[in-house]
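Undergrad: pasting the sequence and the predicted model now:
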Amino acid sequence: MRTDRIDDRLLEATTGFHGHWCPGLAMGIRAAEWALKEMGKAPDEQIVAVVETDMCGVDAIQYLVGCTFGNGNLIHKDYGKNAFTFYRRRDGKAVRLVLRAGIFGDTAPLLRKLHHKMQGEGLSETEAKTWKDTRAALSRRLMEADLAEVFEFKVPDGPVPRRARILAGLICARCGEPVMETSARLFNDQVLCVPCFDAVEKH
């Protein structure tokens, strides 16, 4: 394995944090490796990560780089892409890492087929072994390849995201629960939380 910033102890701890070892976690570990080497670990909100997926690799970025939702320096955009953008506030350095499709080699169609079958009728014993072995081989490939083979390095479209803000809480007129002002909705001159607004819209 080529990581020079993440030792075996940290890899084991990251796997424990996530719950299992898989190709998705390996992707996140390699992205975190780049961030740690090029930008450092996130002190408070100095390093910001924008992730375009909610898959396993995000856990590695949280655990290793220190970007978290609670600190406001982990931002999720639901684009369904294995892409991770890192910003450093003090100097504006920013890079978007996009997983190369070619890193999957010829395993992508097989994994898709087995995944669909697993979600439906289930896998045979032979297929389950193929699933496990193929994912293990892909994880090794992700961990052992040069970072340039794993990711394309692109310039992000937008500026550094603004810092997390402490916002006022409003009271939902329907359920009576507090809701952050930026997430509130106005309906017939009443402040509603998102679930209550959606419920009203459906009737």
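TA: That came through, no problem.
Undergrad: show me where pLDDT drops low in this protein?
TA: For the chain, applying pLDDT under 70 flags the ranges 1-5, 164-166, 201-203.
Undergrad: would you mark the buried spots in the helix of greatest length in it?
TA: As assigned by DSSP state H, the longest helix anywhere in the chain is helix 125-144. Of the residues in helix 125-144, 131, 134-135, 138-139, 141-143 count as buried by neighbour count, 16 or more other C-beta atoms under 10 Å. Bear in mind the C-beta positions are built from the backbone N, C-alpha and C, glycine included.
Undergrad: which residues does it contact?
TA: Helix 125-144 is contacted from outside by 1-3, 21-23, 25-27, 29-30, 103-105, 107, 110-111, 114-115, 117-118, 123, 150, using C-beta atoms under 8 Å, 6 or more residues apart in numbering.
Undergrad: now with 10 Å?
TA: Outside helix 125-144, the residues that touch it by C-beta atoms under 10 Å, 6 or more residues apart in numbering are 1-3, 6, 11, 21-30, 33, 57, 99, 103-108, 110-111, 113-115, 117-118, 122-124, 149-150.
Undergrad: and Cys175, that one's in a helix?
TA: No - counting by DSSP: H, G, I helix; E, B strand; the rest coil, Cys175 is not part of a helix but coil.
Undergrad: if I pick the residue nearest to Ala32 when sequence neighbours are not counted, what's in contact with it?
TA: The spatially closest residue to Ala32, leaving aside those adjacent along the chain, is Leu64, at 3.9 Å (C-beta to C-beta, 6 or more residues apart in numbering). Contact analysis of Leu64 by C-beta under 10 Å, 6+ apart lists 5-6, 10-11, 13-14, 17, 28-29, 31-33, 35-36, 41-42.
Undergrad: from Leu138, how far off is Tyr63?
TA: 21 Å (C-beta to C-beta, to the nearest Å).
Undergrad: OK, contacts around the closest residue to Lys93 other than its chain neighbours?
TA: Counting by C-beta to C-beta, 6+ apart, Met39 is the residue found nearest to Lys93 once chain neighbours are left out, at 6.5 Å. Residues near Met39 by C-beta under 10 Å, 6+ apart: 46-49, 65, 86-88, 90-91, 93-95.
Undergrad: now with 8 Å?
TA: The neighbourhood of Met39, defined by C-beta under 8 Å, 6+ apart, consists of 47, 86, 88, 93.
Undergrad: mind putting those residues into CSV with neighbour count, secondary structure and distance to Val194?
TA: Listed next are the contacts of Met39 as CSV, based on neighbours: other C-beta atoms under 10 Å; DSSP: H, G, I helix; E, B strand; the rest coil; distance: C-beta to C-beta, whole Å:
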residue, neighbour count, secondary structure, distance to Val194
Ile47, 25, strand, 30
Phe86, 26, strand, 30
Arg88, 18, strand, 33
Lys93, 13, coil, 35
